[in-house]
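Engineer: need a 3D model of the sequence below.
(one chain, ligands or ions: 1)
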Amino acid sequence: MPKCDVLVIGSLNADLVVRAPRFPQPGETISGDDLHTIPGGKGANQAVAAARQGASVAMLGRVGKDNFGDFLLENLKQNQVDVSNIQRDDASTGTAIIVVDANGQNSIVLSAGANGHVSFADVDRGSDLNPSLILLQLEIPTPTVLHAAQFAKANGARVILNPAPAQTLPDDLIRLADFIIPNETELSLLTGLEVKDIASAEAAAKALLKRGAENVIVTLGSKGALVVSNTQVIHVDTYKIDVVDTTAAGDAFIGGFAASLLRGLELKDAVRHANACGALAATKFGAQPSLPTKDEVETFMSLREQ
Ligand code: RIB
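Structural biologist: The predicted structure is shown next:
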């Protein structure tokens, strides 16, 4: 019997966030707003995003034996995410230093801390969870991500890979993912091709298909999302919103997409739902506090589609 629908194997970070009118130049000091400590980390954000869309979710990863670790675990529990596969590590909890500018764009520096110690053995300990979907990102060691994808395939689970933060990847990992979901920057780095619009995103996504990818979904911010597979190319528009903070908008998309796939939505409808999750997340400040519930997304979509 499955113990969860979705298993997220990835990072947990305490986000230390300051709003500032703009990003500082190298060597420059500028004044910002108050400091906020907010639960984040791409893995944990995607876990909460899927749970708020109604999926049963477990998270596998590492936090330190410190107050930030307690804070992150407590927030996951409050969002009904199973934390029994999160180890307490001797290293500090992962931290992200974030500046959000007046346009809601962010600039992030990560300190991996305990995330850097997520191991093959940690992944293997999750074998009794029996999920149907595994979500992976790149804020834990890449060999562990590859091992997790192999583990997923050996256990009959589908894999969604969010190749973020941007880096190059081995073809072995690309081949194991059922869905790869990069943004424009990540797709560009993965393929070495310039991605600046829908046409160049399609060309770069097709280059990933040639390396063995099955389905590529490129998130294009205000330009929506592009689904590219060997049988179809679909562009799905997104919703116009007033951006407050884009932090975790991509994570909201991925969690929302995973939950929609599990509910049996057609690919295009799942992407439309994911777009609504991402758009709503960008209307609120912070990572996990900004992630919408299923009711919020359904109300938003029905109002926008009238
Ligand atoms: O995707 C947003 C996340 O990236 C933030 O929450 C921060 O922790 C970094 O991991």
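Engineer: OK, contacts around the closest residue to the ligand within the stretch 1-150 of the chain?
Structural biologist: Evaluated by C-beta to the nearest ligand atom, the stretch 1-150 of the chain has Gly40 as its residue closest to the ligand, separated by 2.5 Å. The way it works is simple: take the backbone N, C-alpha and C, and place the C-beta from them, glycine included. Counting by C-beta atoms under 8 Å, 6 or more residues apart in numbering, Gly40 makes contact with Asn13, Ala14, Asp15, Ala96, Ile98, Thr247, Ala248, Gly286, Ala287, Gln288.
Engineer: how far away is it from Thr29?
Structural biologist: Gly40 sits at a distance of 24 Å from Thr29 (criterion: C-beta to C-beta, to the nearest Å).
Engineer: check Ile140 too.
Structural biologist: To Thr29, Ile140 is 33 Å away according to C-beta to C-beta.
Engineer: ok, these two, which is more surrounded?
Structural biologist: Set side by side, Ile140 and Thr29 show unequal neighbour counts under other C-beta atoms under 10 Å, the larger going to Ile140 at 30 against 6.
Engineer: would you say the more buried one is within a helix?
Structural biologist: No. Read with DSSP: H, G, I helix; E, B strand; the rest coil, Ile140 is coil and lies in no helix.
Engineer: quick one: Ala47 and Ser56 touch, right?
Structural biologist: No. Because the distance of 10.9 Å does not satisfy C-beta atoms under 8 Å, Ala47 is recorded as not touching Ser56.
Engineer: just to check, Gly286 is in contact with Thr37?
Structural biologist: No. With contact defined as C-beta under 8 Å, Gly286 does not reach Thr37; the gap is 9.8 Å.
Engineer: mutual contacts of those two, please.
Structural biologist: Between them, Gly286 and Thr37 share these contacting residues under C-beta under 8 Å, 6+ apart: Asp15, Val17.
Engineer: who has more neighbours, these two?
Structural biologist: Of the pair Gly286 and Thr37, Gly286 is the one with more neighbours under other C-beta under 10 Å, namely 21 against 14.
Engineer: for the stretch 1-150 of the chain, which residues are neighbours of the ligand?
Structural biologist: Proximity of the stretch 1-150 of the chain to the ligand is assessed by C-beta under 6 Å from any ligand atom, with Asn13, Asp15, Gly40, Gly41, Lys42, Asn45, Ala96, Ile108, Glu139 identified as the residues in range.
Engineer: next, count neighbours for the residue nearest to the first one when sequence neighbours are not counted.
Structural biologist: Counting by C-beta to C-beta, 6 or more residues apart in numbering, Gly41 is the residue found nearest to Asn13 once chain neighbours are left out, at 3.6 Å. The criterion is other C-beta under 10 Å. On that basis, Gly41 has 33 neighbouring residues.
Engineer: got phi/psi on the residue of the stretch 201-306 of the chain at minimum distance from the ligand?
Structural biologist: Going by C-beta to the nearest ligand atom, the ligand is nearest to Ala287 of the stretch 201-306 of the chain, at 3.6 Å. Main-chain torsions, Ala287, degrees, to the nearest 10: phi -80, psi -90.
Engineer: okay, now the unreliable bits of this protein?
Structural biologist: Within the chain, the stretches falling below the threshold (pLDDT under 70) are 1-2, 306.
Engineer: tell me which stretches of it form helices.
Structural biologist: Residue ranges of the helices in the chain, as given by DSSP state H, are 42-52, 67-78, 120-125, 142-154, 171-176, 184-191, 198-210, 249-262, 267-281, 294-304.
Engineer: okay if I get the ones you listed as JSON lines plus distance to Phe23 and mean neighbour count?
Structural biologist: Listed next are the helices of the chain as JSON lines, based on distance: least, C-beta to C-beta, whole Å; neighbours: other C-beta atoms under 10 Å:
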{"stretch": "helix 42-52", "distance to Phe23": "21", "mean neighbour count": "31"}
{"stretch": "helix 67-78", "distance to Phe23": "25", "mean neighbour count": "17"}
{"stretch": "helix 120-125", "distance to Phe23": "35", "mean neighbour count": "16"}
{"stretch": "helix 142-154", "distance to Phe23": "28", "mean neighbour count": "19"}
{"stretch": "helix 171-176", "distance to Phe23": "32", "mean neighbour count": "17"}
{"stretch": "helix 184-191", "distance to Phe23": "16", "mean neighbour count": "20"}
{"stretch": "helix 198-210", "distance to Phe23": "25", "mean neighbour count": "18"}
{"stretch": "helix 249-262", "distance to Phe23": "18", "mean neighbour count": "29"}
{"stretch": "helix 267-281", "distance to Phe23": "21", "mean neighbour count": "24"}
{"stretch": "helix 294-304", "distance to Phe23": "30", "mean neighbour count": "15"}
